[in-house]
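give me a model of this one.
(chains A and B)
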Amino acid sequence: MTDINTTLPGQERYVAPLEETPLQTVDTVDESAPATSMWSDAWRTLRRNPLFIISAILIVFIIFVALFPGVFTKTDPNYCTLDDSLEPARPGHPFGFDMQGCDVYARVVYGTRTSLSVGILSTLIVVAVGTLIGAIAGFCGGWIDAVLSRIVDIFMAIPMLLGAIVVLQMFRTVTSIWKVVLVLALFGWVSTARIARGAVLSSKNLEFNTASTALGSTPMRNLFRHILPNSLAPIIVIATTSLGSYIVSEATLSFLGIGLPSTTVSWGGDISNAQSILRTDPMVLFYPSVALAVTVLAFIMMGDAVKDALDPKSRTA
Amino acid sequence: MSEQTNIDDKLDQLQRAEGPLLEVKDLQVDFTTDDGRAVHAVRDSSFSVYPGQWVAIVGESGSGKSTSAMACLGLLPGTGKVVGGSIKLNGTEISHYAQKEFVNVRGSKMGLVPQDPMSNLNPVWRIGTQVKEALVANNMDVSHEKRSDLAKALANADIEIKSEGDETFLGSKELPELLEAAEQALVGIGVEGDAFTRKMEYFRSEWVPGSETRWRVADDLIKAGVKDDDAWYIAKKYVTGSSMEDRIAGLLVEAGLPDAATRARQYPHEFSGGMRQRALIAIGLACRPELLIADEPTSALDVTVQKKILDHLQDLTDSLGTAVLFITHDLGLAAERAQHIVVMYKGQVVESGPSLEVLQHPQHPYTKRLVAAAPSLASQRIVSVEEHGQDASSIMEHKVNEQSLETADTIIEVSHLTREFKLPRTKDMFKAVDDVSFKVKRGTTLAIVGESGSGKSTVANMVLKLLEPTSGTVTYNGSDIAQFKGKSLLDFRRHVQPVFQNPYGSLDPMYSIFRSIEEPLRIHKIGDKKSRAARVRELLDLVELPESVMRRYPNELSGGQRQRIAIARAMALNPDVIVCDEAVSALDVLVQDQVLHLLNDLQAKNGLSYLFITHDLAVVRQIADDVVVMQHGKLVEHGTTDEVFLHPQQQYTRDLLDAIPGGKLELGLNLD
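All right, here's what the predicted structure looks like:
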């Protein structure tokens, strides 16, 4: 065997002095670090993200406007006199008047509520229905999954706007905003269902479910206690990003004249009314468009920030 | 014998004359965290590799062993950066190299065999294409052999290589003609009968297109008795260079893949883990680097496969004169394969020297600790301090004596257990478990050992009633577990608990540690909020974790700590039986040792019975009283641990025992 004499230069026996790397106890818990859960980690990432800060400020502001429009304007958006038709801005009416003589500023402020409620309500329904159906498909598997997945495929094949136009044609007389919400939800739930199914499928096979079954847990308990909580992240991400797109869709439908009735103040309707006078009075179209764009942008930015924070790939374990 | 000594002497002289191939001095590698802090991954580390030498870097995960090696290749991940020290390759400083300069060095001078064979081959390319990529990227001449000076110097001097042309490879086109010519030559010199068949057989197996050179063919012919001139004439006429395909196949054959021409056209998913690792070795050695860096090349493989691959790699690198820098966490492997060993801890080299000397007489306390924890074959059944009073060292006898093994009552009995799975897209059934019977006696440990695919985990899942057997029965305390339903099933679950392999997967990441441990108590509706909290504290204390862990989440804990949490959760209901499915396989030796001791203490204290599933025979020796060896779903051997280890009856068991790295070496002679 090798003895010291034949050791090659530079490969002699070396033992580091103990002071240099003091021995530590095997596998100690670092008690100094703060405890973190997935959510608190995500929150920490979010807090540092400028995208999140900007979008959060915008969204809080938008929600505030939607809840208390009276704080921002005392003018009734439905009070229109033709005397004021296309009048320029004057004190108390910073954005001027539209063709019907309605105050553009007041209509932009009150339109926030419509857009936001359609967006939020549609998202809530979509998440509830999509998650439920996706989770059932992913969790049960077999023929239930096959049937539900085919239904999802069928809905996927229908373009959302086209479908919405066709359905809304049938309910032209209904004036409630619920008809738009329900139609958007009807064609929107499928993408959430797909994502929920995928998320449930991947967390269904994780070992902690087996561990939990071996502890005596039932499959249903596993679904609600372990699988669903672990599938939430991608669902939340798609919900925040699609909220913006529902607001756009509502505006589009109202623009086409089949969304909300003209009696409801909405950005889409106002943009539609303003298009005929675009060449002479572009500002009438400009304000509701900017309001719509900023709102949608805020939600899409928020979705992006949330995605960065919850992205499973950036997290270990 | 004397020839070998000659070569060794010659090698030694050459190594001294040439100096180190790779010399790392005071290397420092820093990683930058998100908030800009520098983490010192490697600090003041020095080691060297001589031509033709195997050097092992050992250490636990996070000790900086891979980082050191990757720094040499310029492949530091993420924010890693060499901030100090020097790395010299053949005397040239490369630590400051830009990526562009590293390109010239990688592949041709330094090759890499990465750790995980599953993710390091591109799934959309054929194996052959991936080997070709390495050859093309380095402009390798595929029709001539490139041999290191060391290999040339070491090769037998009897054969004189006359010209460059003599290093030409044999091509597959000329092979049939060459064989025919060789046959005629043999007939010409009057070789016939058995000797003739044997020699032709030898030629057929040795003359691999794209790997065999002209001078070797000539040498083979001369050794077979053909006259020098005739031999060289035949070799020159028929060995005229190989095509790219030949060379690819040749490289794969060299790496130990049979039927390489077909294999080269296959995709990675058609390969087993061992075959993929061989393909990666072929790629790593494709450009004949002087140094091969192997980062845990076999840690994902079964021991018998590991042995075969490393044996082959050793032959290959010896014949090519390639030096190997070998990164491993397995001390036995390092002791067996490397001449020089470097032990790293917390980013520093704590001890280095000739490998046997370091491992037999460790001096640094960390090395001592590592050697003491290494589950080598020589180790004994762990003896619990609790059971034998405080003086455990004086009593080294088996924990459960033979008599109590015979008299203890059976708690789990498995008889004629069979489980079939339907193979996808066919009507065939695959027998994962085939007629397996054994008994687990109360208060003892039965280990099921086998390689991947042996069906051992399937048995565990059937014992846990997570999977229904196709036929056969499992009884718990005399009653058939197939009958358990509703309340009786819940009761069974309470008494038979699992601890799973993957410490990262078996705890719900959304649950705090407190909730995870409390979960079984909730499911079984035991106690109120207050008493459950008290019980969780008690359990954490049992697995020697501080109470503060309760509020933490699994992602904050190490693998060993998570595994202890999983044990605490399994212990929550005071079970009789714990089924450990590869419970310590993913852990570092020191942590593994700690968890094994914990399991053993719990057994001594609470009279638990364990069904211990593992692929690691060395661990079996430390914890089991009885052993069941499984292969391809069948029970191969069943006996007490001593019987199986000292007098294995079956060839398969003997193979398994032989394959344990460093199994025959006595380490840590100066310990105790």
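
nearest spatial neighbour of A:Val15, skipping sequence neighbours?
B:Gln363 (4.6 Å; C-beta to C-beta, 6 or more residues apart in numbering or on different chains). To be clear about C-beta, it is placed using only N, CA and C from the backbone, and glycine gets the same treatment.

what about that neighbour, helix or strand, and which?
Using DSSP states H and E, no element contains B:Gln363; it sits outside every helix and strand.

what's the neighbour count on it?
16 (other C-beta atoms under 10 Å in any protein chain shown).

same check on the one 5 residues further on?
Counted with other C-beta under 10 Å, the burial measure for B:Lys368 works out to 17 neighbours.

now the helix or strand encompassing it: mean pLDDT?
Using DSSP H and E, B:Lys368 sits within helix B:365-373. The average pLDDT within helix B:365-373 is 86.

and stretch A:287-295, by the same measure?
Per-residue scores along stretch A:287-295 average to 92.

now that stretch: buried residues?
A:Tyr287, A:Pro288, A:Ser289, A:Ala291, A:Leu292, A:Thr295 (16 or more other C-beta atoms under 10 Å in any protein chain shown).

rewinding a little: check whether the helix holding B:Lys368 contacts chain A.
Yes: under the criterion of C-beta under 8 Å from any C-beta of the partner chain, chain A is reached by helix B:365-373 at B:Pro365, B:Tyr366, B:Arg369.

which outside residues touch that helix?
For helix B:365-373, the external contacting residues (C-beta atoms under 8 Å, 6 or more residues apart in numbering or on different chains) are A:18, A:21, A:23, A:26, B:58, B:60, B:331, B:343, B:345, B:350-351, B:358-359, B:362, B:589-590, B:592-593, B:667-668, B:671.

any idea how far apart the tips of stretch B:553-565 sit?
End-to-end distance of stretch B:553-565 (C-alpha to C-alpha, to the nearest Å): 11 Å.

up against chain B, what does the stretch 151-300 of chain A have?
Neighbours of chain B within the stretch 151-300 of chain A, by C-beta under 8 Å from any C-beta: A:206-208, A:210-217, A:221, A:226, A:229-230.

list only buried entries from these.
Looks like these have A:206-208, A:210-217, A:221, A:226, A:230 buried, using 16+ other C-beta under 10 Å.

got the CA coordinates for stretch A:105-122 in PDB?
Extracted in PDB, the C-alpha atoms of stretch A:105-122 (Å, rounded to 0.1, in the frame of the first residue of the first chain):
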ATOM      1  CA  TYR A 105     -65.600  62.900 -15.800                       C
ATOM      2  CA  ALA A 106     -68.700  61.800 -13.800                       C
ATOM      3  CA  ARG A 107     -69.300  58.900 -16.300                       C
ATOM      4  CA  VAL A 108     -65.700  57.800 -16.100                       C
ATOM      5  CA  VAL A 109     -65.900  57.700 -12.300                       C
ATOM      6  CA  TYR A 110     -69.200  55.900 -12.200                       C
ATOM      7  CA  GLY A 111     -68.200  53.500 -15.000                       C
ATOM      8  CA  THR A 112     -65.500  52.100 -12.700                       C
ATOM      9  CA  ARG A 113     -68.100  50.400 -10.600                       C
ATOM     10  CA  THR A 114     -69.600  48.600 -13.500                       C
ATOM     11  CA  SER A 115     -66.300  47.400 -15.000                       C
ATOM     12  CA  LEU A 116     -64.900  46.300 -11.700                       C
ATOM     13  CA  SER A 117     -68.000  44.500 -10.500                       C
ATOM     14  CA  VAL A 118     -68.300  42.600 -13.800                       C
ATOM     15  CA  GLY A 119     -64.600  41.700 -13.600                       C
ATOM     16  CA  ILE A 120     -64.700  40.600 -10.000                       C
ATOM     17  CA  LEU A 121     -68.000  38.700 -10.100                       C
ATOM     18  CA  SER A 122     -67.100  36.900 -13.300                       C
END
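
where does it sit relative to the chain's centre, distance-wise?
Distance of stretch A:105-122 from its chain centroid, counting by C-alpha atoms, centre = their mean, to the nearest Å, is 16 Å.

name the helix or strand for residue 208, please.
As the question left the chain open, I've gone with chain A. Assigned by DSSP H and E, A:Phe208 falls in helix A:207-214.

meant chain B, my bad for not saying
Using DSSP H and E, no helix or strand contains B:Val208.

and it, what does it touch?
Contacts of B:Val208 (C-beta under 8 Å, 6+ apart): B:Leu170, B:Ala249, B:Gly250, B:Val253, B:Glu254.

ok so, going back, make JSON lines out of the buried ones among the residues of the stretch 151-300 of chain A next to chain B and add pLDDT.
JSON lines is the format used below for those (pLDDT from 0 to 100):
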{"residue": "A:Leu206", "pLDDT": "83"}
{"residue": "A:Glu207", "pLDDT": "84"}
{"residue": "A:Phe208", "pLDDT": "88"}
{"residue": "A:Thr210", "pLDDT": "87"}
{"residue": "A:Ala211", "pLDDT": "87"}
{"residue": "A:Ser212", "pLDDT": "89"}
{"residue": "A:Thr213", "pLDDT": "88"}
{"residue": "A:Ala214", "pLDDT": "88"}
{"residue": "A:Leu215", "pLDDT": "87"}
{"residue": "A:Gly216", "pLDDT": "86"}
{"residue": "A:Ser217", "pLDDT": "88"}
{"residue": "A:Arg221", "pLDDT": "90"}
{"residue": "A:His226", "pLDDT": "90"}
{"residue": "A:Asn230", "pLDDT": "87"}
